[in-house]
Each structure stands twice: as structure tokens, then as C-alpha cells.
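Undergrad: A structural model of the following input is requested.
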Amino acid sequence: MALVPYVENPLPALSKLHNSSAQFRFADRDLRLAQDWKSLGVAAVVWDAAVVMCMYLEMGTFELKGKGVIELGAGTGLVGIVAALMGAKVTITDREPALDFLSANVKANLTPDSQGSAVVSELSWGQDLDRYPAGGFDLVLGADIVYLEDTFVPLLQTLEHLCSDTTVVLLACKIRYKRDTDFLSMLRRQFRVEEVYYETQRDIHVYKAWKVSPREDL
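TA: Numbers count the residues shown, from 1 in each chain. Now for the predicted structure:
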């Protein structure tokens, strides 16, 4: 997730982003996520897409216990934290400037018996991908990570590297502009993509994607 500081926005709809923390209940736990809009911008607030992704995970469509999961552009870490509390082995990633903030949220919200279920790691899309095992994850998660056109190609490179033929990608997105649907079109060149959930109140779509096998591509 990009690190872009913003001036304070007076719109009521955005006022919650300026709170120093946000509280949720997921995986039978009360969670408190620190936020720091003024210092770290969009990387340090909980966006609706992350909340909806956690709601979708709690529906139980995917068995998380014991699965290898990586979250991209984790920001505050909410999605990765919930996945770890639900039994997954999670690698929670973002760019280097966000890692201290992210690590503090992860440590504060994981139970002692789940502390070993999550690691925080630096990942800038498209760079040094050999630090992560090719096709080494069961599930790739991304919440509100599709919004900057300059990141689309490196994000696709990253997904291509992380995914095996059996890996599932879940992306929670708010479709704001044409460029957002353009990314989905780009994704469909390498992956099968289907919408699996839509949360009407927050206007968030959840997409499932998986690699096109050579046989399917014939």
C-alpha cells in the first residue's frame, strides 16, 4: 500500500480515518488497530475493503487453519491478523516505511498462542521476489490495493510469482474508476477471475482469482 500523507479532510465520511485507533470484533476477539493518517497516510488507516475481507473470511468459504497465507499491502494489518487468529500461517507484508507501525499492530492484537502464526516482512511489488518462495502460498490476500496504475504491472508480477496452480487470490476492492476495472482485465490475462461477494453498504467487491493452467489456456 502506498505511503501518501494527506491533509486532514473535514468530510464526515472520512473522519473515522483520522481517529488514532479503530476497533473491531473478528475471530471471537476484540481488536484495536492503531491508525496514523497524518504520518503514514493511506497505509495507516483501516479501509472498508479490509473490514469486508475479514467478514468474508469469517464466512468460512476457505479453510484457513494450517494454510500458508500472504497479505500484500497490509497497511494496519487487520486482514493478516484475522487470518492468523483463524489458524493460518501468515506472512504480512508492506513497504519498509510501514513495517514498524504494522508490526506494532500485529503484536498488540495476536493472542500469545498465535504470535508465531504471523510474521511481518518487507515486500515492494515486483522487487526482490526471490525472497519469497515461488508458488509457495495457499492463499494471497489483498484489500484495497488496486488504485494506482503505476503499481499494476509490478503487482501482477508479484501475484504471478507467489501463486502456484492451486493458489487462490482474494482481492477486496472498491471500484472507483475505470482504471480499477482495467486492472481486472489485466489480471484476467493470467488468472481466472470471478466475483464471489459484494457488500452493498460499503460498496466493496471481493474477487477470487486463480492461475490459468496451460491446458485451460489452449
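
Undergrad: tell me how far residue 115 lies from residue 57.
TA: For residue 115, the distance to residue 57 (Cβ to Cβ, to the nearest Å) stands at 20 Å. Backbone N, C-alpha and C define where each C-beta goes, glycine included.

Undergrad: please name the nearest non-neighbouring residue to residue 96.
TA: residue 122 (4.8 Å; Cβ to Cβ, 6 or more residues apart in numbering).

Undergrad: same question, residue 149
TA: residue 179 (5.2 Å).

Undergrad: and for that neighbour, the neighbour number?
TA: Counted with other Cβ atoms under 10 Å, the neighbours of residue 179 add up to 13.

Undergrad: repeat for residue 148
TA: Residues near residue 148, counting by other Cβ under 10 Å: 14.

Undergrad: how close does it sit to residue 48?
TA: Taken as Cβ to Cβ, the span from residue 148 to residue 48 is 18 Å.

Undergrad: just give me how far the helix or strand encompassing the residue nearest to residue 149 sits from the chain centre.
TA: Assigned by DSSP states H and E, residue 179 falls within helix 178-187. Centroid separation between helix 178-187 and its chain, computed with Cα atoms, centre = their mean, to the nearest Å, is 17 Å.

Undergrad: and for that helix, what's in contact with it?
TA: 146-147, 149, 152, 155-156, 159, 173-175, 193, 207, 209 (Cβ atoms under 8 Å, 6 or more residues apart in numbering).

Undergrad: what about these, which are in helices?
TA: Per DSSP state H, helices hold the following members of the contacts of helix 178-187: 152, 155-156, 159.

Undergrad: can I get those residues in TSV including pLDDT?
TA: Shown next, in TSV, are the ones in helices among the contacts of helix 178-187 (pLDDT from 0 to 100):
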residue	pLDDT
152	96
155	98
156	97
159	98
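
Undergrad: what is the nearest of the residues you listed to residue 91?
TA: Distance ranking of these against residue 91, using Cβ to Cβ, places residue 159 first at 14.3 Å.

Undergrad: so that closest one makes contact with residue 191?
TA: Yes. Residue 159 is within contact range of residue 191, at 7.4 Å (criterion: Cβ atoms under 8 Å).

Undergrad: many thanks, I have nothing further to ask.
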